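[1] coordinates only, no sequence provided:
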């Protein structure tokens, strides 16, 4: 004749705690009806839970709050600090909350860098295109394109001193920096692209077991 | 303004605006739970007062850095737990007694470092029995590893769910379950002699 089934101490603890699955609970309850030994062990667990649940909280001595407050810096926030805090809260709410969200945001940020960097790299690699001619062509195309749209607003903006200054200075930078300067800018863009690809790879194609293993990056 | 009807998060926002009453409200809400947890960890009333005070000073002085997406209770319990653990790691190994700290030299120090559960309304006989039981259980809890102790106390005394305890103790959920399970088992063994 085989030994009768008796639940383990762990099962009885889970039963008293209420963390057993419904099916398991029914099986155990029907066993308890007919097993005084397990009933007694269940009561022991119940007694322990009851004693622990009734443990009192202790009170610190009188004047505790005053002693704490004597060491607390109560600084009234200025209007600027309050606005900064609200702006931070707004940014925190708008920021992605999941790894997928971060991946999407990084991908969207990386897309123009990847496309722009790729096109510029390809163009500069052609022997018949120099940075100066590329800039000149780009500038002319942009100006012509904008003028072609006939937008009075954009047209007016391009004719402002600020627009002239930007075009003149960017052109000046390219002219003065030459191939080395443009190469440095492309290097920075390339690094940003590689970093973005790495973040995408870690988040989309790997399944790390711990949250801390996720690669997060924000600009 | 009636602070008692506000949530922790709302009181924290008022504290950030520099309202002293909001700071006092947070102290009032958490002084007993925080002190009780630390007291049972270090088992020395005077030291527990100092550590609980340190906990509140740390929390309230860093109130601007509190992230409202987490529960305030989790944050303050986490700092209380770490403060208690840091103290236990720093101090020399010693055997503690419910009858007071072994370092107590005067009657006042013995009294200050003795754990005495608060009395409830009950007959003298019940009081004596419960005091005995209370002492036994407090003594048994005192022998547990600090991690088991914190997990058991947060679960049973503070009624915190397992996932919040995991957040407070900065360990995975499974580890919390293990701590509580092992802690209860050890308590069962230590209280075996009380069974009828």
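    Received, thanks. Every value quoted in this text rests on a predicted model; they were computed, and no experiment measured them.
[2] check contacts around residue 69.
    Chain wasn't specified; assuming chain A. By C-beta atoms under 8 Å, 6 or more residues apart in numbering or on different chains, the residues touching residue A:69 are B:20, B:23, B:24, B:27. (Each C-beta comes from the backbone N, C-alpha and C, glycine too.)
[3] switch to chain B, that's the one I care about
    The contact partners of residue B:69, taken as C-beta under 8 Å, 6+ apart, are residue A:92.
[4] quick check on it: phi, psi?
    Taking degrees, to the nearest 10, you get phi -80, psi -10 for the backbone angles of residue B:69.
[5] show the pLDDT at it.
    Looking at residue B:69, its pLDDT is 79.
[6] which residue ranges of chain A form strands?
    Listed in chain order, chain A contains no strands at all (DSSP state E).
[7] thought residue B:22 was touching residue B:14, still the case?
    Yes - contact status for residue B:14 versus residue B:22: in contact at 3.8 Å, counting by C-beta atoms under 8 Å.
[8] give the residues shared as contacts by those two.
    Overlap of the contact sets of residue B:14 and residue B:22 (by C-beta under 8 Å, 6+ apart) consists of residue B:3.
[9] of the two, who's got more company?
    Between residue B:14 and residue B:22, counting by other C-beta atoms under 10 Å in any protein chain shown, residue B:22 is the more crowded of the two (23 against 18).
[10] low-confidence regions, chain A specifically.
    Along chain A, segments meeting pLDDT under 70 span A:1-4, A:76-79, A:81-82, A:85, A:151, A:154-155, A:158, A:204-219.
[11] SS state for the residue in chain B positioned nearest to chain A?
    Nearest to chain A in chain B, going by C-beta to the nearest C-beta, is residue B:18, at a distance of 3.3 Å. What DSSP: H, G, I helix; E, B strand; the rest coil gives for residue B:18 is coil.
[12] residues near residue A:147, how many?
    Using other C-beta under 10 Å, residue A:147 has 12 other residues around it.
[13] and it, how far from chain B?
    According to C-beta to the nearest C-beta, to the nearest Å, residue A:147 stands 50 Å off from chain B.
[14] weed out the non-buried ones from the contacts of residue A:69.
    Neighbour-count burial within those applies to B:23, B:24, B:27; the criterion is 16 or more other C-beta atoms under 10 Å in any protein chain shown.
[15] related to what we said a few turns ago, wouldn't the residue of chain B closest to chain A be in contact with residue A:75 here?
    Yes - the criterion here is C-beta under 8 Å, and residue B:18 meets it with residue A:75 at 5.7 Å.
[16] all helices of the chain, in order?
    Answering for chain A, as no chain was given. Remark: helices assigned in chain A by DSSP state H are A:9-17, A:22-34, A:36-53, A:64-69, A:79-94, A:99-125, A:131-149, A:152-158, A:161-204.
[17] my bad, chain B
    So, for chain B - with DSSP H - the helices run B:8-16, B:20-42, B:45-61, B:72-90, B:107-112, B:124-142, B:146-156, B:162-169, B:173-190.
[18] output these as CSV; include the columns mean pLDDT and distance to residue A:35.
    Formatted as CSV, those follow (pLDDT from 0 to 100; distance: least, C-beta to C-beta, whole Å):
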stretch, mean pLDDT, distance to residue A:35
helix B:8-16, 91, 46
helix B:20-42, 94, 36
helix B:45-61, 94, 44
helix B:72-90, 93, 40
helix B:107-112, 56, 48
helix B:124-142, 68, 27
helix B:146-156, 95, 27
helix B:162-169, 94, 29
helix B:173-190, 94, 19
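[19] who are the contact partners of the nearest residue to residue B:39 once chain neighbours are set aside?
    When the adjacent residues along the chain are set aside, residue B:39 lies closest to residue B:48, with 3.9 Å between them (C-beta to C-beta, 6 or more residues apart in numbering or on different chains). By C-beta under 8 Å, 6+ apart, the contact set of residue B:48 is A:60, B:35, B:38, B:39, B:41, B:42.
[20] check contacts around the second one.
    Looking back up the chat, that one is residue B:35. A:57, A:58, A:59, A:60, A:64, B:48, B:49, B:52.
[21] kindly report the same for residue B:164.
    B:71, B:73, B:74, B:154.
[22] next one: residue B:148
    With C-beta under 8 Å, 6+ apart as the criterion, the residues that contact residue B:148 are B:179, B:180, B:182, B:183, B:186.
[23] columns distance to residue B:135 on top of those, output as JSON lines?
    Shown next, in JSON lines, are the contacts of residue B:148 (distance: C-beta to C-beta, whole Å):
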{"residue": "B:179", "distance to residue B:135": "24"}
{"residue": "B:180", "distance to residue B:135": "22"}
{"residue": "B:182", "distance to residue B:135": "23"}
{"residue": "B:183", "distance to residue B:135": "18"}
{"residue": "B:186", "distance to residue B:135": "17"}
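[24] so which of these are also by chain A?
    Among these, none lies close to chain A by the criterion of C-beta under 8 Å from any C-beta of the partner chain.
[25] and the residue most central in space within chain B, how close does it get to residue B:157?
    With distances taken as C-alpha atoms, centre = their mean, residue B:37 lies nearest the centre of chain B, 0.6 Å away. According to C-beta to C-beta, to the nearest Å, residue B:37 stands 8 Å off from residue B:157.
[26] and for residue B:79?
    18 Å.
[27] one more: residue A:200?
    Note on residue A:200: its distance to residue B:157, by C-beta to C-beta, is 46 Å.
[28] residue A:107 too?
    Using C-beta to C-beta, which is the criterion applied here, residue A:107 is 48 Å from residue B:157.
[29] those two - which one has more neighbours?
    Using other C-beta under 10 Å as the criterion, residue A:107 and residue B:157 rank with residue B:157 on top: 19 against 16.
[30] surely that one is in contact with residue A:51?
    No - with contact defined as C-beta under 8 Å, residue B:157 does not count as touching residue A:51 (11.1 Å).
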